[in-house]
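*Asks:* Starting from these lines, generate the structure:
(one chain, ligands or ions: 1)
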Amino acid sequence: MSGTQTKVVAFNGSARKGGNTSILLRYVLKELENEGIETELIEMSGARIHGCLSCRECSKKRDRRCSQTGDMGNAYIEKMENADAILLGSPTYVADISPEIKALIDRACLVSKANGGMFRHKVGAAVVAVRRAGAIHAFDALNHFFLISEMIVPGSSYWNIGIGREIGDVEKDAEAIETMKTLGQNMAWLLKKIEN
Ligand SMILES: Cc1cc2nc3c(=O)[nH]c(=O)nc-3n(C[C@H](O)[C@H](O)[C@H](O)COP(=O)(O)O)c2cc1C
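*Replies:* Residues are numbered from 1 along each chain as shown. Below is the predicted model:
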């Protein structure tokens with residue numbers, strides 16, 4: 001865990017900064033902030049991040065970082081390492097997650113494994129925006145990262161999915177907004193239990 005102040009880092013893997021995924025994430029973060037938890041939202045839009053090279057250098061070096069240094073990968077992995085909880089948000093792209101967030105979880109997963117489980121017992125949750133279909137597959141893909149990383153995943157009153165096409169459409173999905181708020185409250189509850 002991090003130092004004294006509980007911290008949550010959220011990644012928005014969408015190509016659209018401030019879009020529907022970002023809106024959903026911010027509803028979750030607001031609830032955490034209401035409980036005195038520090039939050040940070042990272043918009044990955046426009047960021048350079050390459051996929052895993054399968055070079056296995058992380059297993060040889062075991063320096064808690066990826067061997068690729070020319071992009072944002074290690075800065076993001078450091079943010080994840082320093083947080084108590086990781087929130088991953090993705091739009092649904094062809095019934096899957098965005099390539100940027102996929103690149104991040106692939107690299108973070110291997111680096112974590114190479115270093116004995118860097119994210120063990122951190123809290124993790126996924127949020128997905130979708131126009132029509134494919135969100136559950138994207139949601140599952142993000143959750144696979146938490147579960148293989150020995151992280152603890154809180155639930156909500158529904159799966160954490162919001163429906164919308166144009167930026168802001170998710171605001172009209174009242175059930176999604178409630179689901180995000182409940183997720184934030186449940187994350188805060190869990191973080192406080194772990195802290196104590
Ligand atoms: C490349 C691309 C692929 C998409 N694929 C799907 C899809 O498979 N299913 C769907 O319902 N919506 C799909 N969409 C629509 C987005 O998921 C939807 O507009 C979402 O709200 C975008 O979130 P954002 O505002 O955070 O970018 C796609 C959009 C893009 C740009």
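
*Asks:* Of all the helix elements in the protein, which one is longest?
*Replies:* Assignment by DSSP state H gives helix 174-195 as the longest helix of the chain.

*Asks:* so who does Ala141 touch?
*Replies:* Ser90, Asp96, Ile97, Lys102 (Cβ atoms under 8 Å, 6 or more residues apart in numbering). For every residue, glycine as well, the C-beta is placed using N, CA and C.

*Asks:* Distance check, it against Pro99.
*Replies:* Taking Cβ to Cβ, to the nearest Å as the measure, Ala141 falls 12 Å from Pro99.

*Asks:* Check Ala83 too.
*Replies:* 23 Å.

*Asks:* Now find how far off-centre the one helix or strand Lys60 maps to is within its chain.
*Replies:* Counting by DSSP states H and E, the element that carries Lys60 is helix 57-61. Mean C-alpha position of helix 57-61 versus that of the full chain (Cα atoms, centre = their mean, to the nearest Å) differs by 24 Å.

*Asks:* other SSEs contacting it?
*Replies:* helix 99-114 (3 or more Cβ pairs under 8 Å, 6 or more residues apart in numbering; DSSP states H and E).

*Asks:* So which elements touch the helix it packs on?
*Replies:* Applying 3+ Cβ pairs under 8 Å, 6+ apart, we find helix 99-114 packed against helix 57-61, helix 73-82, strand 85-91, helix 135-148.

*Asks:* Now with 7 Å, please.
*Replies:* helix 57-61, helix 73-82, helix 135-148 (3 or more Cβ pairs under 7 Å, 6 or more residues apart in numbering; DSSP states H and E).

*Asks:* For Leu191, give me its contacts.
*Replies:* By Cβ atoms under 7 Å, 6 or more residues apart in numbering, the contact set of Leu191 is Thr6, Ile37, Asp84, Ala85, Val123.

*Asks:* Most neighbours of all those residues, which one?
*Replies:* Neighbour counts for those peak at Ala85, which has 27 neighbours (criterion: other Cβ atoms under 10 Å).
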